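In: A predicted structure for the sequence below; I have some questions about it.
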Amino acid sequence: MTANSIRKAVPKDKPKPVIAVKFINKEHAFKVGRLRPKQIELEISLHGQVSGHTNIIRFLSHGDDQSWIWI
């Protein structure tokens, strides 16, 4: 899996995902991608603010563990 990837989750047999999850590998993003934690926080905040638009995937939640951030 790359540093940023979007995976279909539910239901797997439909052409359009009902839920999409973006996974960000922290080590890769911060070292190779040269991102800073603040940049990811900004992405999460902005996504939450614009998710009401019809052309934007609705933001539901985010979380993280030692290795990954998910949106």
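Out: On my side now, so go ahead.
In: C-alpha from now on. contacts and neighbour counts both.
Out: OK.
In: What ranges does this structure have for its strands?
Out: 4-10, 19-25, 63-64, 68-70 (DSSP state E).
In: tell me how far the second one is from the chain's mean position?
Out: When C-alpha coordinates are averaged (CA atoms, centre = their mean, to the nearest Å), strand 19-25 and its chain have centres 4 Å apart.
In: just checking, what packs against that strand?
Out: Here strand 19-25 touches strand 4-10, strand 68-70, going by 3 or more CA pairs under 8 Å, 6 or more residues apart in numbering; DSSP states H and E.
In: among those, which gets the worst mean confidence?
Out: Lowest mean pLDDT within the helices and strands packed on strand 19-25: strand 4-10, at a mean of 58.
In: Identify the bridge partners of the most centrally placed residue in the chain.
Out: The chain has K22 as the residue nearest its centroid, 2.9 Å off, counting by CA atoms, centre = their mean. Here K22 sits in beta bridges with I6, going by DSSP bridges.
In: Verify the stated contact: it with W68.
Out: No - K22 sits out of contact with W68 when judged by CA atoms under 8 Å, with a separation of 10.0 Å.
In: Flag every buried residue along the helix ranked longest in the chain.
Out: Using DSSP state H to define each element, the chain has its longest helix at helix 37-50. Within helix 37-50, the residues that count as buried by 16 or more other CA atoms under 10 Å are 40, 44, 47-48.
In: ok, of these, which one's closest to H62?
Out: H62 has its nearest neighbour among these in I44, at 7.6 Å by CA to CA.
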